[in-house]
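# all I have is the shape, not the residue letters:
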């Protein structure tokens, strides 16, 4: 990646960290998952409103590093309006991106999420970036059961 692209990506991550989208909690019936990353102390709670097998809204609260919270902000934006299977598919694509694997960037518009691809160069930070996504997947899997 060029240094200009690195700088742009850093700006996008810091924008989501300083101005998180969808931060807060819902009242009422939601799919709620709490997860933490004991190696670094990141803690996240993901809440999703699910109707007719679709994520109609999503929010998060938590504390952690800029990567963890920016990723939660991006993820909650990205999954709104997706069918549950689509949200899991997007999470799998995100996971491939985090592991430095080739990923299908044609199926979904990843938008700001692609700013996190540089995290793949820092294996210790991958768990930070994927925490919210793993919580979302767990919530969807629990919902299906």
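Thanks, I have it. Everything numeric here is computed off the predicted structure, so don't read it as measured data.

# tell me the pLDDT of the residue nearest to the spatial centre of the chain.
In the chain, the residue lying closest to the centroid (CA atoms, centre = their mean) is residue 75, at 3.3 Å. Looking at residue 75, its pLDDT stands at 98.

# give me the mean pLDDT for the strand or helix carrying residue 8.
Using DSSP states H and E, residue 8 falls within helix 3-18. On average, the pLDDT along helix 3-18 is 89.

# give the buried residues for it.
9, 12-13, 16-17 (16 or more other CB atoms under 10 Å). C-betas here are computed from N, CA, C, even on glycine.

# in which helix or strand does the residue nearest to the centre of the chain reside?
Using DSSP H and E, the element containing residue 75 is helix 66-79.

# could you give the angle of that helix to helix 3-18?
Using axes from the mean of the first three to the mean of the last three CA atoms, to 10 degrees, one finds that helix 66-79 and helix 3-18 are set 80 degrees apart in direction.

# for helix 66-79, packing partners?
Counting contacts by 3 or more CB pairs under 8 Å, 6 or more residues apart in numbering; DSSP states H and E, helix 66-79 packs against helix 3-18, strand 42-51, strand 54-63, helix 84-98, helix 123-144.

# for residue 30, find the nearest of these.
Smallest distance to residue 30 across those (CB to CB): 4.4 Å, for strand 42-51.

# so how far is that closest one off the chain centroid?
10 Å (CA atoms, centre = their mean, to the nearest Å).

# just checking: what are the partner strands of that strand?
Strand pairing for strand 42-51, determined by DSSP bridges: strand 31-37 (antiparallel), strand 54-63 (antiparallel).

# can the helices and strands packed on helix 66-79 go into a markdown table with extra columns for distance to residue 31?
Output for these, formatted as a markdown table (distance: least, CB to CB, whole Å):
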| stretch | distance to residue 31 |
| --- | --- |
| helix 3-18 | 22 |
| strand 42-51 | 5 |
| strand 54-63 | 9 |
| helix 84-98 | 10 |
| helix 123-144 | 4 |
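
# lovely, talk soon.
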